[in-house]
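K.L.:
can you look at this prediction? I've put the sequence above it.
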Amino acid sequence: PLGSLLDCFDKRAPGQKAIVCNMVMEHVRVKGLIREGLSFLDAMRALRIPRKSLTLLSLLKLCASSGNVQKMVKLVEEMKDEDQVAPTAHMYSQTIEAAASAGMVDEALRLFATMNAEGVAVSEGSCIDLMSALARNGDWSRALDLLQDVRACTKRPPTCIIYTTAVNACGNGGAWEMALMLMKRMEEEGIAPNTYTYGAAIKACARAGKWEQAEKLFAEMDERSVAQNEVTFTAILDAYAKAGRARDAATCLEVMKTKGLRPSTPHYTAVIDACSRTGEYRQALRWLEEMKKEEVPINTLTYSASLSACGKGGAWDEAVRVLLSILSTGERPPSVIYMLTIDACRRADQWPVAAYLWDMIEYTDSTSLNQPTLNSLICAMEHPALLPTMAWYYKRAYESGRVNHWSLQFFRVVDLHNFSRPLSKAA
């Protein structure tokens, strides 16, 4: 039917089939008819109607709006071979940005290489999107290669935002030394690192546990009058937390307040986490109270760090108080909160309290009981005189489906997982 209609139109306006098809494809794009658009394109090929740039561009836009990125990549790659149409810079950029956003990094890099080979101008947006995709995957090696390609095709150094994204890729990939090297190269090329560049570099050092390097970069920002924002403070506090430097984290949080920045949940959580690593439960609880006073939202990570601090500090009673304060709000705590509270009792040899908490949870919120929580309870009872009680709790958990008996038998036989040994003993 399409062929007959186009033949009728061709008799009245010879040589205008391609224009009509462009109009139809644009109508399909506006209406968002992706399936009809692809079928219409196949019909044009069957009828040997030339598919022009405008027709293909409309279909590319339609694929982009509908999220059909694979078809976009295929269309662009088929243009030269099947349609004898050279993709424009806009077509390449649109497809590369869509592929990068969809996580199709290999396809995006392949199109980028084709652009370079054909001498098509590369847009900064395409470079940023492609570098961001590599950063999300922590693919720092290919990010460095992309930096060289950008320099080669644009005949000038990459911009600050492209460099910053490359630093982020190095950080996510664990290559903190390469992140610092990129910052040094930026300065050599006359590009001043900004707040986000420093933030990415500090985050890279924090991930690798290099708090001294992170601290040095943070101090360098002050020396160079580079603004420190919430993201930068989050990165340096995370570095202190991983190193267990509670005092430095507390000082940094106070500095943040003097700069007119209001600490949020991640900042307080990092300070409490630093306290939890050294068992400074009093400081952790002080920061938790300040969060409540300042009406800063408290999430599971914050409560978990607080309970962990109580457990390592031997303050089982404080851990129970934290749990009761959560329950008093009417919230339903996740399993990890119960597990950490019972574990705090285990560390302090308070097995009766641990057993009481288990019974309370089983009565009020039984779905939150799981194998790690049972393990903490059983560990608290690891004494010859308590073996019957231990076995009784295990039997109840097993009959209610809260423990995987076969996994425990496996651990008991091969003796690989020390964490599950008490449970295996109970089994």
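P.N.:
Everything's here; your move. Numbers count the residues shown, from 1 in each chain.
K.L.:
what strand or helix carries Y398?
P.N.:
Here Y398, judged by DSSP states H and E, is contained in helix 387-399.
K.L.:
which strands and helices sit next to that helix?
P.N.:
helix 351-364, helix 371-380, helix 421-426 (3 or more CB pairs under 8 Å, 6 or more residues apart in numbering; DSSP states H and E). Any C-beta I mention is one placed from the backbone N, CA and C, and that applies to glycine too.
K.L.:
average pLDDT for that helix?
P.N.:
Mean pLDDT, computed over helix 387-399, is 82.
K.L.:
okay, angle between it and helix 371-380 too, please.
P.N.:
Here helix 387-399 points in a direction 170 degrees away from that of helix 371-380 (axes from the mean of the first three to the mean of the last three CA atoms, to 10 degrees).
K.L.:
out of the helices and strands packed on helix 387-399, which comes closest to A201?
P.N.:
The minimum distance between A201 and these falls on helix 371-380, with 36.2 Å, by CB to CB.
K.L.:
other SSEs contacting that closest one?
P.N.:
Checking 3+ CB pairs under 8 Å, 6+ apart, helix 371-380 ends up next to helix 335-347, helix 351-364, helix 387-399, helix 421-426.
K.L.:
CA atoms of it as PDB?
P.N.:
This file holds the C-alpha atoms of helix 371-380, laid out as PDB (Å, rounded to 0.1, in the frame of the first residue of the first chain):
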ATOM      1  CA  GLN A 371      20.900 -15.600  60.100                       C
ATOM      2  CA  PRO A 372      23.500 -12.800  61.000                       C
ATOM      3  CA  THR A 373      21.300 -11.700  63.900                       C
ATOM      4  CA  LEU A 374      21.000 -15.300  65.100                       C
ATOM      5  CA  ASN A 375      24.700 -15.700  64.800                       C
ATOM      6  CA  SER A 376      25.300 -12.700  67.200                       C
ATOM      7  CA  LEU A 377      22.900 -14.300  69.700                       C
ATOM      8  CA  ILE A 378      24.500 -17.700  69.500                       C
ATOM      9  CA  CYS A 379      28.000 -16.200  69.800                       C
ATOM     10  CA  ALA A 380      26.800 -14.600  73.000                       C
END
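K.L.:
from the chain's centroid, how far away is it?
P.N.:
In terms of CA atoms, centre = their mean, to the nearest Å, the centre of helix 371-380 is found 31 Å from the chain centre.
K.L.:
likewise for stretch 114-134?
P.N.:
Worked out by CA atoms, centre = their mean, stretch 114-134 lies 24 Å from the chain centre.
K.L.:
just the C-alphas of that stretch, formatted as CSV.
P.N.:
Output of stretch 114-134 as CSV, limited to C-alpha atoms (Å, rounded to 0.1, in the frame of the first residue of the first chain):
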residue,chain,number,x,y,z
THR,A,114,35.0,6.6,13.9
MET,A,115,34.4,10.3,14.3
ASN,A,116,38.1,10.9,14.7
ALA,A,117,39.0,8.7,11.7
GLU,A,118,36.5,10.6,9.5
GLY,A,119,37.6,14.0,10.7
VAL,A,120,34.2,14.9,12.2
ALA,A,121,34.3,17.7,14.8
VAL,A,122,33.9,16.3,18.3
SER,A,123,31.6,18.2,20.7
GLU,A,124,32.6,18.8,24.3
GLY,A,125,29.3,17.4,25.5
SER,A,126,30.1,14.0,23.8
CYS,A,127,33.5,13.9,25.5
ILE,A,128,32.1,14.7,28.9
ASP,A,129,29.3,12.1,28.6
LEU,A,130,31.8,9.5,27.4
MET,A,131,34.2,10.3,30.2
SER,A,132,31.4,10.2,32.8
ALA,A,133,30.5,6.7,31.6
LEU,A,134,34.1,5.6,32.1
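K.L.:
what sits up against that stretch?
P.N.:
Residues from elsewhere that reach stretch 114-134 (CB atoms under 8 Å, 6 or more residues apart in numbering): 77, 86-89, 92-93, 96-97, 100-101, 103, 105, 108-109, 112, 140, 142-143, 146, 149-150, 152-154, 158-159, 161-162, 165-166, 169.
K.L.:
out of those, which are buried?
P.N.:
Among the contacts of stretch 114-134, the ones that count as buried by 16 or more other CB atoms under 10 Å are 77, 87, 92-93, 96-97, 100-101, 105, 108-109, 112, 140, 142-143, 146, 149-150, 153-154, 158, 161-162, 165-166, 169.
K.L.:
can I get the helices and strands packed on helix 371-380 in CSV including mean neighbour count?
P.N.:
Below are the helices and strands packed on helix 371-380 laid out as CSV (neighbours: other CB atoms under 10 Å):
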stretch, mean neighbour count
helix 335-347, 25
helix 351-364, 17
helix 387-399, 16
helix 421-426, 21
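K.L.:
between those helices, which one is closest to Q70.
P.N.:
Nearest of these (CB to CB): helix 335-347, 38.9 Å.
K.L.:
contacts for that closest one, please.
P.N.:
Here helix 335-347 has contacts from 300, 303-304, 307-308, 310-312, 314-316, 319-320, 322-323, 326, 351, 353-354, 357-358, 361, 368-370, 372-373, 376-377, 379-380, using CB under 8 Å, 6+ apart.
K.L.:
kindly report the same for stretch 356-363.
P.N.:
V320, L323, Y338, T341, I342, C345, S368, L369, T373, L374, L377, Y393.
K.L.:
alright, that wraps it up for me.
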